[in-house]
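*Asks:* Here is a sequence with its predicted model. Questions after.
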Amino acid sequence: MSVAHPIIAVTGSSGAGTSTVKQTFADIFAQLHLDAVMIQGDSFHRYDRQSMQAAVEHAAQAGWTLTHFGPQANDLVSLESLFANYAASGQGQYRHYVHDAAEAAQLGSPVGQFTSWQSVPPATDLLFYEGLHGAAVTDLVNIAQFADLLIGVAPVINLEWVQKIQRDCLNRGYSQQDVADIIEKRMPDYIRYITPQFSRTHINFQRLPLVDTANPFAVPAIPAAEESLCVIGFQTPPLEMGLYLSAIPSARQTSANSLVVPGPLMAEAMRVIIMPIIEKMIKNRREMS
Ligand SMILES: Nc1ncnc2c1ncn2[C@@H]1O[C@H](COP(=O)(O)OP(=O)(O)OP(=O)(O)O)[C@@H](O)[C@H]1O
Ligand SMILES: O=C(CO)[C@H](O)[C@H](O)COP(=O)(O)O
């Protein structure tokens, strides 16, 4: 944690919606005139797409399963170094991973490969991370300890799978069977490395569908915002609960530390809850400099 160089990490599984949530944060940063360095978690994969395929086959021959959810397929030491260096000095190294043709055109590297490493620009106000391991703790690393605000994005699992299936098939060129195989292979690492993070996050946003997703492999489209609710869970009951209930239309408290909002208001609820936290972060930062 760092008053001088704060870090916000949004963590979630593949398809959960962390890239989508990034836009809500970008809007908040723009409204507050903050210069944030945006870090994409997938850029800390250890292998590009082709090398990953070879590494997966190699692991299978040796009798174990390598997946993007586990530490063996990610350079979590470099991710921890980025967080540690940024917290200490506002500096660090980052890059991007190119998932599809649109990103290839934008970033200038081929699909399935990384861009070159680059330095965090000087004098940013904060670091924003979105990806798989923002609150990860393993035998070798403790990434969670460096984040000042940890947000979990964790739709109920059927919805998460629907989102992954639709996105991977429509945007990333995979077949439905490819995606089903990946989901199945990743399950042990999902339980071991992804879900424990949601007990370290300060606030979790859990979208749940109001339409039938019982067989996620047969759902033709991602349920719309209007067809969902969002449960917002706080690590500890927030003093501001009353304020949230009055500021977010139709918000309803469901326990001491959770409330539920209509799906279309998920981004608005994030803004209401998170903007004051960021404002306080920045005020503290400015007061110390
Ligand atoms: N709140 C939401 N309402 C409707 N659709 C959503 C919502 N959040 C995400 N989606 C959709 O789900 C799909 C996956 O979302 P997104 O790309 O943000 O996931 P991700 O967590 O960044 O995945 P990955 O880490 O694999 O890149 C996208 O098609 C996105 O449009
Ligand atoms: O887990 C993922 C995202 O969090 C992706 O599956 C991983 O990044 C590999 O991407 P691609 O299939 O586009 O090479």
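*Replies:* Structure received. Ligands and ions are numbered 1, 2, ... in the order given.
*Asks:* mind listing what's buried in the longest helix seen in the chain?
*Replies:* Longest helix of the chain, by residue count under DSSP state H: helix 266-288. Applying a neighbour-count criterion of 16 or more other CB atoms under 10 Å, one finds 266-275, 277-278, 281-282, 285 buried in helix 266-288. Glycine gets a C-beta too; all of them are placed from N, C-alpha and C.
*Asks:* so which one among those residues has the lowest pLDDT?
*Replies:* By pLDDT, residue 285 ranks lowest within the buried residues of helix 266-288, coming in at 93.
*Asks:* Tell me which residues touch it, please.
*Replies:* By CB atoms under 8 Å, 6 or more residues apart in numbering, the residues touching residue 285 are 3-6, 125.
*Asks:* which of the buried residues of helix 266-288 come close to ligand 2?
*Replies:* With CB under 6 Å from any ligand atom as the criterion, no member of these is in contact with ligand 2.
*Asks:* and which of those is nearest to ligand 1?
*Replies:* The nearest member of the buried residues of helix 266-288 to ligand 1, counting by CB to the nearest ligand atom, is residue 266 at 5.6 Å.
*Asks:* just the strands in the stretch 101-250 of the chain please.
*Replies:* 118-119, 126-131, 149-153, 203-209, 228-234 (DSSP state E, counting those that start in this stretch).
*Asks:* Same list, the contacts of residue 285, but as CSV with pLDDT please.
*Replies:* Shown next, in CSV, are those (pLDDT from 0 to 100):
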residue, pLDDT
3, 95
4, 95
5, 97
6, 98
125, 97
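*Asks:* and those residues near ligand 2, which?
*Replies:* Filtering those for proximity to ligand 2 by CB under 6 Å from any ligand atom leaves nothing.
*Asks:* hmm, which of those are the buried ones?
*Replies:* 5-6, 125.
*Asks:* Including mean pLDDT and mean neighbour count, could the strands of the stretch 101-250 of the chain go into a markdown table?
*Replies:* As requested, the strands of the stretch 101-250 of the chain are exported to a markdown table (pLDDT from 0 to 100; neighbours: other CB atoms under 10 Å):
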| stretch | mean pLDDT | mean neighbour count |
| --- | --- | --- |
| strand 118-119 | 98 | 10 |
| strand 126-131 | 98 | 25 |
| strand 149-153 | 98 | 24 |
| strand 203-209 | 98 | 21 |
| strand 228-234 | 98 | 20 |
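*Asks:* who wins for proximity to ligand 2 among those?
*Replies:* strand 126-131 (6.4 Å).
*Asks:* residues making contact with stretch 120-129?
*Replies:* 5-11, 22, 25, 29, 34-39, 41, 82-83, 86, 90-94, 147, 278, 281-282, 285.
*Asks:* Write the PyMOL selection for whichever of those residues are buried.
*Replies:* Remark: buried members of those, expressed as a PyMOL selection using 16+ other CB under 10 Å:
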select buried, resi 5+6+7+8+9+10+11+22+25+29+34+36+37+39+41+82+83+86+90+92+94+147+278+281+282+285
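*Asks:* Near ligand 1, which residues of the stretch 1-150 of the chain? Just list them.
*Replies:* Residues of the stretch 1-150 of the chain found near ligand 1, taking CB under 6 Å from any ligand atom as the criterion, are 12, 14-20.
*Asks:* repeat that for 8 Å
*Replies:* Applying CB under 8 Å from any ligand atom, one finds that the stretch 1-150 of the chain approaches ligand 1 through 12-22, 41-42, 99, 130-132.
*Asks:* out of the residues you listed, which touch ligand 2?
*Replies:* 13-15, 41-42, 99, 131-132.
*Asks:* Please narrow those residues to those residing in strands.
*Replies:* Per DSSP state E, strands hold the following members of those: residue 131.
*Asks:* Quick check: the farthest pair among the ones next to ligand 2 among the residues of the stretch 1-150 of the chain next to ligand 1?
*Replies:* Comparing all pairs in those by CB to CB, the longest separation belongs to 13 and 99, at 15.4 Å.
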